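Peer 1: no FASTA, just this:
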Ligand code: GLN
C-alpha cells in the first residue's frame, strides 16, 4: 500500500531488505542473494507506479524463498551438494503467483538438505542460527525462512512442511508459520520430499498477511493433480465454540515453559467463552513411528532421480555408469539423506513391505479417523508444536532418534492432511521464543486463520 501511494519506493524497500540480509550474514540465513534481479524488478515496479499503471497486491514487497522452490532466478540447491549447479528452466507455481502480484524475491533461504531435518544442521551450507540466540538452532527444515521473517529482513518467506518444517522453526523464532490442508497450494516446481505429506506454506508476522498469501497462492493447478478444487476464497466462517486439547500430549517430556504457554492460552479461551474439551487420541502415539516409515519410503523414490546424469553434480571419480550413480550419490547426499534412502528402500523391500510399509499405511488411516472423530467434537485443537524451545547447536545432530523425537507433535497433522498454524506464544526467561499450534479440520484454513487472529495477545510476539 505504501508503495502504491508512493510513500516509499520499491527500490528503497528492496535495498533495505538486502542491507539487512547482509547485516545478519553471520546467522547464515541465505544460501544466495538475488540482488541484481530484485533491484531490476523493484525499479520496474516504481516506473509502473510513476506511469500510473496498475500494480499487484504484493507490489514491491521483498520476500525470501526457501531454496527448494524452483525459480528461474539463480541456482536452486535444496541446500544439497548433489543439485549444484542446477539452474531451473521453470518457476514453481507459488513463485509464479507471488511474482504476478509484484512480490520480489531477495534471496534463497537455507534448509536441511532436501528438507530432511528439524534444525537446519543437515544443510550442506552449515547451520542457520536462531533469531534470538547464536548458540541455538533455527529449527528446520525451513530454518532460514523463519529467521529471515523473525529478524524483519523480509515481510514473508515461503516454506515446505512435510512433518513440521514450517511450524517448528516458526515457533523457535516467534513468527506465524502455516501448513495448509494438503493440496491447497500447488507443489508444482518444489523439490519433492514425501509427496503424500508435502505442503507449501508461509512464514509471516501476522495472520492477515498469511490470509492474503493464501488468497493469492491457493487453488487448483493442472500441473499438480493432488491440488484441491478452489475453496479458500469461498470458505464459510462460523465463530469457534469448542476447542480441544490433547490429553495424550500432556507428559513430562514437554518443557514447563511450553506447558505454561498452553495453560495461559486455554485460560484466555475460557474467558472468551470458548468451551475446552479434553480429547483422547490414543493413536497419535504411533504417529512418529508411522511417519518415519512412510516418509523415508517416499523419500527413497523421490531421490532416485538424482543420478549424476539429469541434474547438477557428477562425481569426477566415476569410471563407468555404475560408479556415476554410486559415487555421485555417495558424495552428493548428506548423511541424513542417505539414512532415509536406506530406511525407505528397506521398508519397501519384499519381505519387509507388509511388516512395515503396509502396516504403517493402515495405522495412518487410523490417525486420519482419529482426527475426523475429534473434529466432530471440537472446532479446533490447540497443542504445542514441539516438546521444547530451540535447542543448542550440536545437541541432537549426532543422535537421529532424539532429533526425530522433536517431531512428535507436528507429524500427525501431516499424516492426516489437516491444516495447522504455528502461533507465537511468548518467550522464556532467557528470551527464547515459544510457539503453539492450532489445528483444524480439512479445508477450515481460512476460519483457522481468523480464529488465530482473535487469539492474539500483547505478550505473544
Ligand atoms: N523434521 C521432519 C523430518 O525431518 C519434518 C521435515 C519437513 O517437514 N520437511 O522429516
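Peer 2: Received it, and whenever you're ready, just let me know what you need. It should be emphasised that the depicted structure is a prediction, and the values quoted were computed from it without experimental measurement.
Peer 1: how about the residues of the stretch 1-150 of the chain near the ligand?
Peer 2: Within the stretch 1-150 of the chain, the positions adjacent to the ligand are 115-118, 141 by Cβ under 6 Å from any ligand atom. For every residue, glycine as well, the C-beta is placed using N, CA and C.
Peer 1: how about TSV for those residues, with pLDDT, neighbour count and secondary structure added?
Peer 2: Supplementary listing: these in TSV, determined by pLDDT from 0 to 100; neighbours: other Cβ atoms under 10 Å; DSSP: H, G, I helix; E, B strand; the rest coil:
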residue	pLDDT	neighbour count	secondary structure
115	98	29	helix
116	98	32	coil
117	98	29	coil
118	98	29	coil
141	98	35	coil
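Peer 1: For those, which two are the farthest from each other?
Peer 2: Spanning the widest gap among those are 115 and 118, at 10.3 Å by Cβ to Cβ.
Peer 1: can you list residues touching both of those two?
Peer 2: 140-141, 165 (Cβ atoms under 8 Å, 6 or more residues apart in numbering).
Peer 1: For the ligand, give me its nearest residue in the stretch 251-400 of the chain.
Peer 2: Of all residues in the stretch 251-400 of the chain, residue 295 sits closest to the ligand, at 5.7 Å by Cβ to the nearest ligand atom.
Peer 1: again with the stretch 301-450 of the chain
Peer 2: In the stretch 301-450 of the chain, the residue that lies nearest the ligand is residue 407 (4.6 Å; Cβ to the nearest ligand atom).
Peer 1: Now do that residue against residue 457, distance only.
Peer 2: Applying Cβ to Cβ, to the nearest Å, the value for residue 407 to residue 457 is 27 Å.
Peer 1: mind checking the SS state of the residue in the chain sticking out farthest from the centre?
Peer 2: In the chain, residue 319 marks the outermost C-alpha relative to the chain mean, sitting 39.3 Å out by Cα atoms, centre = their mean. Look at residue 319: counting by DSSP: H, G, I helix; E, B strand; the rest coil, its state is coil.
Peer 1: Kindly report the same for residue 195.
Peer 2: Assignment for residue 195 (three-state DSSP): coil.
Peer 1: Look up the closest residue to it, ignoring the ones flanking it.
Peer 2: Nearest residue to residue 195, sequence neighbours excluded (Cβ to Cβ, 6 or more residues apart in numbering): residue 298, at 5.7 Å.
Peer 1: That neighbour touches residue 344, doesn't it?
Peer 2: Yes. Shown here, residue 298 and residue 344 form a contact pair, counting by Cβ atoms under 8 Å, at 7.2 Å.
Peer 1: So the two - more neighbours on which side?
Peer 2: Neighbour count, other Cβ atoms under 10 Å: between residue 298 and residue 344, residue 344 has more, with 25 against 20.
Peer 1: Mind giving me the packing neighbours of the strand or helix carrying the more buried one?
Peer 2: Residue 344 is located in helix 335-348, with elements delineated by DSSP states H and E. Packing partners of helix 335-348 (3 or more Cβ pairs under 8 Å, 6 or more residues apart in numbering; DSSP states H and E): helix 287-302.
Peer 1: quick one, the helix it packs on and helix 335-348 angle?
Peer 2: Here the directions of helix 287-302 and helix 335-348 differ by 100 degrees (axes from the mean of the first three to the mean of the last three Cα atoms, to 10 degrees).
Peer 1: quick one: contacts for residue 106?
Peer 2: Applying Cβ under 8 Å, 6+ apart, we find residue 106 in contact with 14, 17-18, 21, 33-35, 38, 62-64, 153-154.
Peer 1: Name the SS class of the closest residue to residue 327 other than its chain neighbours, please.
Peer 2: In space, and not counting its chain neighbours, residue 327 is closest to residue 315: 3.7 Å by Cβ to Cβ, 6+ apart. Under three-state DSSP, residue 315 falls in the coil class.
Peer 1: Run through the residues that contact residue 315.
Peer 2: 308, 323-324, 327-328, 330-332.
Peer 1: so where do the helices sit in this structure?
Peer 2: In the chain, the helices defined using DSSP state H lie at 10-23, 35-50, 93-100, 143-150, 167-173, 207-217, 256-271, 287-302, 321-332, 335-348, 359-377, 400-405, 411-416, 445-454.
Peer 1: Residue 142: what's its closest spatial neighbour, skipping adjacent residues?
Peer 2: residue 159 (3.8 Å).
Peer 1: Specify the beta-bridge partners of the one you found.
Peer 2: Residues in a beta bridge with residue 159, per DSSP bridges, are residue 201.
Peer 1: mind starting the numbering at 13 from now?
Peer 2: OK, 13 is where the count begins now, so the last one is residue 171.
Peer 1: contacting residues around it?
Peer 2: Residue 171 neighbours (Cβ under 8 Å, 6+ apart): 78, 154, 157-158, 177-178, 181, 189, 212-215.
Peer 1: let's see it at 7 Å
Peer 2: Counting by Cβ atoms under 7 Å, 6 or more residues apart in numbering, residue 171 touches 78, 154, 157, 177-178, 189, 213-215.
Peer 1: And residue 190, by the same measure?
Peer 2: By Cβ under 7 Å, 6+ apart, residue 190 lies in contact with 178, 213-214, 222, 433.
Peer 1: Equivalent analysis for residue 290, please.
Peer 2: Counting by Cβ under 7 Å, 6+ apart, residue 290 makes contact with 257, 259.
Peer 1: List the beta-bridge partners for it.
Peer 2: residue 257.
Peer 1: For residue 261, see how far away it is.
Peer 2: 11 Å.
Peer 1: who in the stretch 263-412 of the chain is up against the ligand?
Peer 2: Contact residues (Cβ under 6 Å from any ligand atom) of the stretch 263-412 of the chain with the ligand: residue 307.
Peer 1: Next, the distance between the ends of stretch 442-457.
Peer 2: For stretch 442-457, the first-to-last residue distance is 33 Å (Cα to Cα, to the nearest Å).
Peer 1: Does residue 448 touch residue 436 like I think?
Peer 2: No. Residue 448 lies out of contact with residue 436 (Cβ atoms under 7 Å); the separation is 8.6 Å.
Peer 1: Could you point out which residue ranges in this protein have low pLDDT?
Peer 2: Along the chain, segments meeting pLDDT under 70 span 13-18, 470-473.
Peer 1: Need the residue closest to the centroid of it.
Peer 2: residue 178 (2.5 Å).
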